[in-house]
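1. below is the sequence, then the predicted model.
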Amino acid sequence: MFEICADPKSIEGLTWLGCYLTSGKHLDFYMSFVTVLALLAVTAPTAMLLGFGGAMASRARLAPLRWLGKGYSAMVRGVPDIVYFMFFVIALDQGFEYVKSRFVCEDLAAPVFQGMEFHVCNAAKVPLATASPFVYQAYGFFLAVVTFAIVFGAFVTHVLSGAMQAVPRAQLETAEAYGMTPRQVFRRILVPQMWVYALPGLTNLWMVLIKATPLLFLLSVKDIVYYARELGGTKTSAYAYAHPDWRLYYFLGLLVFYLLMTKGSEIVLSRISARLSKGQATAAGEAQRRALA
């Protein structure tokens, strides 16, 4: 904060607004945008790895592994996302505390479930009661990333499984006729061709993931929605910067932010789609050939 902002009640006009927008709470608000971008940057590749593993499992020759891959995709896709977001956060938190309690608690004979309540010793709490607010936020962010990755990984599994089935069987048979092993066919033919068919579905999932980031607010992570509601609410003379209800303007700013995010994503993904479709026997590839003819 600038020196001129030491006494907010003695300033007015643009100076007051400048001091208001550079206050400590607003700096936290600006950093919350970094939190959202970090969530997208970490969750997207993690969900892709889970989805690719699930798609491979759903095509496995071993029946239990195939059931696991198909069951993972069907189970998560068949339940509202918010249910899993709330379930996984609680389940993971209690799971971590239970494992930690087996190492740090003295009375291991004491049941962790006492009736319907979950109890562990104070030393097994994650994070500890003495931890800093940053540790609590980092832990909440970690749980959010894991939860988002598990949920969206199931959707990626479904998309990639369908894309693998869409690859023309004739291409795979031709590769086998040339003497390629099943692994070579999978690595050199199936996977490269798969992305052409998977990209439209993955594009939709990316857009849904962007729109799902406000759920961080429900997972106890102070994200942009949390700060927009807190900062935009009515502030009386008891606050340093008193103002009426400004939530409309804060949420309008979030609306612009998400629109810019989706528009930028559309531009980048359309270019990736055009590059992958070049020379491919798909509708997009045929359109490119006709345009060049």
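-> Yep, it's here.
2. neighbours around residue 159, how many?
-> Residues near residue 159, counting by other Cβ atoms under 10 Å, number 23. Where C-beta positions appear, they are placed from N, C-alpha and C, glycine not excepted.
3. isn't it right up against residue 199?
-> No. With contact defined as Cβ atoms under 8 Å, residue 159 does not reach residue 199; the gap is 9.2 Å.
4. which SS class is residue 180?
-> Judged by DSSP: H, G, I helix; E, B strand; the rest coil, the three-state class of residue 180 is coil.
5. if I look at the residue lying closest to residue 113 once chain neighbours are set aside, how far off is residue 92?
-> Excluding its sequence neighbours, the residue lying closest to residue 113 (Cβ to Cβ, 6 or more residues apart in numbering) is residue 119, at 7.7 Å. Going from residue 119 to residue 92 by Cβ to Cβ, to the nearest Å gives 17 Å.
6. tell me which helix or strand the closest residue to residue 118 other than its chain neighbours sits in.
-> Spatial nearest neighbour of residue 118, chain neighbours left out: residue 94 (5.3 Å); criterion: Cβ to Cβ, 6+ apart. Following DSSP states H and E, one finds residue 94 within helix 81-104.
7. tell me the helices and strands packed up against the strand or helix carrying residue 265.
-> Using DSSP H and E, residue 265 falls within helix 247-277. The contact analysis (3 or more Cβ pairs under 8 Å, 6 or more residues apart in numbering; DSSP states H and E) places helix 247-277 against helix 191-212, helix 224-232, helix 283-292.
8. which residues of the stretch 101-250 of the chain score low on pLDDT?
-> Across the stretch 101-250 of the chain, nothing is flagged by pLDDT under 70.
9. next, count neighbours for residue 74.
-> The number of residues packed near residue 74 is 14, by other Cβ under 10 Å.
10. my guess is the residue nearest to residue 113 meets residue 101, correct?
-> No. Applying Cβ under 8 Å, one finds residue 119 not in contact with residue 101, separated by 9.4 Å.
11. neighbour count for those two, which is higher?
-> residue 101 (20 against 13).
12. so where do the strands sit in the stretch 51-200 of the chain?
-> 113-114, 117-118 (DSSP state E, counting those that start in this stretch).
13. turn those strands into CSV, including mean neighbour count and distance to residue 62.
-> Converted to CSV, the strands of the stretch 51-200 of the chain look like this (neighbours: other Cβ atoms under 10 Å; distance: least, Cβ to Cβ, whole Å):
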stretch, mean neighbour count, distance to residue 62
strand 113-114, 10, 35
strand 117-118, 10, 36
